[in-house]
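1. Got a sequence here, can you build the structure:
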Amino acid sequence: KTGDPDLRQALAWSLAVNESVTNIVYNVPPFPLVRESLEAVSQWADVIVCSATPHEALAREWDEHDIAKYVRFIGGQEVGSKKEMIAMATADGKYAKSNALMIGDAPGDMRAAKDNGILYFPINPNSEEKSWERFDMEAAEKFHKGEYAGDYESGLIAEFEKLLPEAPPWK
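-> Numbering: from 1, shown residues only. Predicted coordinates for the structure are as follows:
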């Protein structure tokens, strides 16, 4: 709308990246126990997806692996930031903050959860399968029973933070 050539170039790059995701990312199954976890948790929780990935790619991937049926909403970058999506999902007061849990694999995911006052379950770097096993076998039930907040969550986050590098690998 502004006609700014730099903005036009940035938009073109962004659209090209989104298109490349569509062409490159397919037939990559979820980690073991993701499906089982989603199926179990969806019986007693409203599961939503908050992602920085374009919605089209998310919907295609979740449909491709037949896991979209376990979630009530798939939110991609078009909806807003993860922090904004969590705020929207919890804005009407339907859920107590202690009854909302974000699963994520990055410090930004944890910040989005904590900035909204909700719980966080970390997927540990280089231990994704073990993290999903822990969620499926232990953490989901603790969350469901109201036993997740406090020492249990703090321990998981401390473990997660220890595994993060001091500086990103590209620096």
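2. Show me which residues of stretch 37-48 are buried.
-> Going by neighbour count (16 or more other C-beta atoms under 10 Å), the buried part of stretch 37-48 is 37-38, 40-41, 45, 47-48. C-beta: built from backbone N, CA, C; applies to glycine.
3. Pick the one among those residues closest to residue 133.
-> Ranking the buried residues of stretch 37-48 by separation from residue 133, with C-beta to C-beta as the measure, puts residue 37 on top at 9.3 Å.
4. what's the closest non-adjacent residue to the residue nearest in space to the middle of the chain?
-> Nearest to the mean C-alpha position of the chain, counting by C-alpha atoms, centre = their mean, stands residue 104 at 4.6 Å. Here the nearest residue to residue 104 in space, its sequence neighbours aside, is residue 110; by C-beta to C-beta, 6 or more residues apart in numbering that works out to 6.2 Å.
5. Any idea how many residues pack against the closest residue to residue 90 other than its chain neighbours?
-> For residue 90, the nearest residue in space outside its immediate sequence neighbours is residue 100; the separation is 5.6 Å by C-beta to C-beta, 6+ apart. Residues contacting residue 100 under the criterion other C-beta atoms under 10 Å number 21.
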